[in-house]
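Peer 1: return a 3D structure for these sequence lines:
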Amino acid sequence: MQLRYFAAPPRKVAVKGDRPPEPAIERRDEPSALFAVPPPVELAAAARADSASPGAGAGKTAATGPNEAHDRGGAPDPRAILDSIGQIVYDWDLDSDQITWGPNVESVFGFQNIAALSTGRGYAECLSHDSESSPYQAIARSTAVDQGKGAPFEVRYGINPPDGSRDATVWIEDSGRWFAGPNGRPARAHGLIRVVTDRFRQERQFAFTSRFDPLTGALNRASLLEQTGHFFAAAAKHKQPFGALLVSVDNLFMLNRTYGYDVADQVIASLARLLRANCRERDLLARYAGNKFGLIIHNADAEPLTAVAERLIEAAATTPFETSAGPAPVSLRIGGAVAPRNGRAAHVLFQHAEEALDLARQPGAARFVLYEPSLAREDSRMRALKISDEIVSALNEDRILIALQPLVRATTGEAELYEALMRLRRPDGSLVAPASVLPTAEKSGLIQMIDQRVLELALKKLAEHSEMRIAVNVSGQTLHEPDFFSRLRVLLDPNPDLVHRLTIELTETCAIEDVEATIRAVSGLKQFGAKVVMDDFGAGHTSFKNLRRFNFDMVKIDGAFVQNMARSEDDRFFVRTLIDLARHVGIPVVAEWVEDKATADMLRDWGVDYLQGDFFAAATLPTSRSVAADG
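Peer 2: I've put the predicted structure just below:
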């Protein structure tokens, strides 16, 4: 069958004059009158007449420039405009299955064998298998009725080149109107095709990263918790329990030290494959955190859940994890809980699995621990409730304070900025150590209120001292709250310029818990004008690749390694490795918890940019009273 093309309307055909004036919408009761121009047969004849006229050439049906998008009378030529912007019009006779394309079909699609797309059947054979619908389905299954002016349709799908190459799929949006025949069924359709391949890929990538972990391809934590709700519903309906496992790489810290961060990434990816291979089809696997995987085991009580955990531990211990640095040994620790007995909501179930994992990590403990209620844990919960009450009272009575500790330039010793460290003052005037408050605040959700108060105090201090720069710690819970940026904007409204002297510190653990969300948050903070620092660098698991992607302004080495440098060769080696990694990426380095001259001199010689610790100045409250710098 010969392929027919829409020809560009001849310039001698006036839009007005030859036909009585009528609203464009009234033309739609004639299926072939696409965009109020002559139908394909008329166009072809007109084009032949035009090609015979003086000056006509072979290129007249190609995409036209802006000067050719008007007829000779100066009126817009709709089809020439479509050619110039790279969109395609078409007419489809459903009875004969013939498709007539606009003249720029080859250049827009980028395909060679366009003749294969001359029929609806041939076009359908080129549809991508990833397409959720097709033009035929959009028309044939339409619930709309043609009242004489056609019925609208719109659909998005992918088209593969006729040669069958799936790598060159073109994604398009197809919209138009179909017209009924005498029997009321669709007999003809015309439409407009727009290529949206780039947008489709961006949307698909965003959809993937919002639900899946890019490194392992497993679900992310948010998706796991969402899917767990379906397991609860099924358990209630069928009266069947299910299990939750938290699988942690026991020796990841040593893998980081021995092989480097990129090799540890390879181990994490390999572990995901091993876990997936040892799960059933109805089980669920997710990347729960940096070195943790979450598993939902379908229809499993305590005994089968224990068997699964022991099988996973054995599989990891006996499987060589091949990496670019050679085989790497991996050992696992697992905590488990059974639903609905150990929790009737996803967050409660995994909180109990986390508690069991904490017990499994204790020295001498079994590698798998199944959650069981205990009096000790209940006592711990009661203490947490008491601390929560104390935090709420302190917030209500303005007893949350900030102590400031300087970060000094390693070369000059001059203060570059100050870190705002949270302090809670009791009614009797004594100060509560942050270490005894913040973990409970994190678990109870009160950390967001504390972060808000510390931000308020820091901005107030910046307004009082025009030359001061302050760094504020923000928790992952606060950072990833949907309204975080709107609340920050409200705080900055009275004096927006303060943001340029504000630095936000995020812990490495927070950063790697949801890499994509952290990247978006860092970008958002920088758009505000703030600087962003990764705190506790070395305590988590940040690969070289992710360190680049995060785009932090500085990294602050975890003080636990800096504090023991003078006494530990291992810590000296690890700190030097972290410094070299950051310098290779081009990120300035801060070392915290510097407590003596020997450590300060060593760090300075290694190229650390900023130093922080009691050796230079302790954290002090606005009253200048010295307090411990244990932020």
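Peer 1: hey, C-alpha coordinates of stretch 294-311 in CSV?
Peer 2: Extracted in CSV, the C-alpha atoms of stretch 294-311 (Å, rounded to 0.1, in the frame of the first residue of the first chain):
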residue,chain,number,x,y,z
GLY,A,294,14.0,-4.4,55.3
LEU,A,295,12.2,-7.6,54.4
ILE,A,296,8.5,-8.5,54.7
ILE,A,297,8.1,-12.3,54.8
HIS,A,298,4.7,-13.4,53.7
ASN,A,299,2.7,-15.8,55.9
ALA,A,300,5.4,-16.4,58.5
ASP,A,301,5.2,-16.8,62.2
ALA,A,302,8.1,-16.9,64.6
GLU,A,303,9.5,-20.3,63.5
PRO,A,304,9.6,-19.8,59.7
LEU,A,305,10.8,-16.2,60.2
THR,A,306,13.7,-17.5,62.3
ALA,A,307,14.5,-20.1,59.6
VAL,A,308,14.6,-17.4,56.9
ALA,A,309,16.9,-15.2,59.0
GLU,A,310,19.3,-18.0,59.7
ARG,A,311,19.3,-19.0,56.0
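Peer 1: I'd like the numbering to begin with 39 instead of 1 from here.
Peer 2: Okay, using 39 as the starting number, the last item reads as stretch 332-349.
Peer 1: and that stretch, what's buried?
Peer 2: G332, L333, I334, I335, H336, N337, A338, A340, L343, T344, V346, A347 (16 or more other CB atoms under 10 Å). No exception for glycine: its C-beta is placed from N, CA and C like everyone else's.
Peer 1: for those residues, give me a markdown table that also has distance to I372, pLDDT and secondary structure.
Peer 2: Output for these, formatted as a markdown table (distance: CB to CB, whole Å; pLDDT from 0 to 100; DSSP: H, G, I helix; E, B strand; the rest coil):
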| residue | distance to I372 | pLDDT | secondary structure |
| --- | --- | --- | --- |
| G332 | 11 | 96 | strand |
| L333 | 9 | 97 | strand |
| I334 | 14 | 97 | strand |
| I335 | 11 | 96 | strand |
| H336 | 17 | 94 | coil |
| N337 | 19 | 93 | coil |
| A338 | 13 | 94 | coil |
| A340 | 14 | 94 | helix |
| L343 | 10 | 96 | helix |
| T344 | 10 | 95 | helix |
| V346 | 9 | 96 | helix |
| A347 | 5 | 96 | helix |
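Peer 1: nearest to I508, of the residues you listed?
Peer 2: Set against I508, the nearest of the buried residues of stretch 332-349 by CB to CB is G332 (37.0 Å).
Peer 1: which residues does the residue lying closest to that closest one once chain neighbours are set aside contact?
Peer 2: Leaving aside its sequence neighbours, G332 sits nearest to Y326 (CB to CB, 6 or more residues apart in numbering; 3.9 Å). Neighbouring residues of Y326 by CB atoms under 8 Å, 6 or more residues apart in numbering: R259, L262, L284, G332, F388.
Peer 1: and for G229?
Peer 2: Here G229 is in contact with V127, Y128, W130, P173, F191, D212, S213, G214, R215 (criterion: CB under 8 Å, 6+ apart).
Peer 1: for the residues you listed, work out which two are farthest apart.
Peer 2: V127 and F191 (14.7 Å).
Peer 1: which SSE is immediately downstream of the helix or strand hosting R558?
Peer 2: Per DSSP states H and E: R558 is located in helix 553-566. Remark: after helix 553-566, the chain's next helix or strand is strand 569-575, criterion DSSP H and E.
Peer 1: identify the residues contacting that next one?
Peer 2: Taking CB under 8 Å, 6+ apart as the rule, strand 569-575 contacts 509, 511, 540-547, 549, 560, 563-564, 580, 588-596, 616, 620, 628.
Peer 1: same thing but at 7 Å, please
Peer 2: 509, 511, 541-547, 549, 560, 563-564, 588, 590-596, 616 (CB atoms under 7 Å, 6 or more residues apart in numbering).
Peer 1: now the buried members of these.
Peer 2: Among the contacts of strand 569-575, the ones that count as buried (16+ other CB under 10 Å) are 509, 511, 541-547, 549, 560, 563, 588, 590-596, 616.
Peer 1: the closest residue to A501 other than its chain neighbours and M506, how far apart?
Peer 2: Closest residue in space to A501, ignoring its immediate chain neighbours: N533 at 5.7 Å, by CB to CB, 6+ apart. Look at N533 and M506: by CB to CB, to the nearest Å, they are 13 Å apart.
Peer 1: okay, those two: which has more neighbours?
Peer 2: M506 (15 against 12; other CB atoms under 10 Å).
Peer 1: distance of that one from T450?
Peer 2: Taken as CB to CB, the span from M506 to T450 is 17 Å.
Peer 1: run through the stretch 289-438 of the chain and note the low-pLDDT ranges.
Peer 2: Low-confidence segments of the stretch 289-438 of the chain (pLDDT under 70): 413-416.
Peer 1: hey, where'd the helices end up in it?
Peer 2: 290-297, 299-315, 340-356, 384-398, 413-434 (DSSP state H, counting those that start in this stretch).
Peer 1: got JSON lines for the ones you listed, with distance to Q150 too?
Peer 2: Shown next, in JSON lines, are the helices of the stretch 289-438 of the chain (distance: least, CB to CB, whole Å):
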{"stretch": "helix 290-297", "distance to Q150": "49"}
{"stretch": "helix 299-315", "distance to Q150": "39"}
{"stretch": "helix 340-356", "distance to Q150": "50"}
{"stretch": "helix 384-398", "distance to Q150": "52"}
{"stretch": "helix 413-434", "distance to Q150": "68"}
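Peer 1: for P224, which of the ones you listed is the nearest?
Peer 2: Nearest of the helices of the stretch 289-438 of the chain (CB to CB): helix 299-315, 45.2 Å.
Peer 1: buried residues in that closest one, which are they?
Peer 2: 299, 301-310, 312-313.
Peer 1: ok, so of those, who is nearest Q515?
Peer 2: Once CB to CB is applied, the member of the buried residues of helix 299-315 that ends up nearest Q515 is I306, at 23.6 Å.
Peer 1: pretty sure the closest one sits against P252.
Peer 2: No: using CB atoms under 7 Å, I306 is not in contact with P252; the gap is 11.5 Å.
Peer 1: and stretch 634-650, end to end?
Peer 2: 11 Å (CA to CA, to the nearest Å).
Peer 1: average pLDDT for it?
Peer 2: In this model, stretch 634-650 has an average pLDDT of 96.
Peer 1: that one: which residues count as buried?
Peer 2: So stretch 634-650, judged by 16+ other CB under 10 Å, has buried residues T637, A638, M640, L641, R642, W644, V646, D647, Y648, L649, Q650.
Peer 1: swap in stretch 618-629?
Peer 2: L619, A620, I625, P626, V627, V628, A629.
Peer 1: and that stretch, how far out from the chain middle?
Peer 2: 25 Å (CA atoms, centre = their mean, to the nearest Å).
Peer 1: could you turn the buried ones of the contacts of G229 into a PyMOL selection?
Peer 2: Burial among the contacts of G229 is assessed by 16+ other CB under 10 Å; the matching PyMOL selection reads:
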select buried, resi 127+128+130+173+191+212+214+215
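Peer 1: pipe the contacts of G229 into CSV and attach secondary structure per row.
Peer 2: Listed next are those as CSV, based on DSSP: H, G, I helix; E, B strand; the rest coil:
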residue, secondary structure
V127, strand
Y128, strand
W130, strand
P173, helix
F191, strand
D212, strand
S213, strand
G214, strand
R215, strand
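Peer 1: F612: which of the contacts of G229 is nearest?
Peer 2: For those, the nearest to F612 is D212 (57.4 Å; CB to CB).
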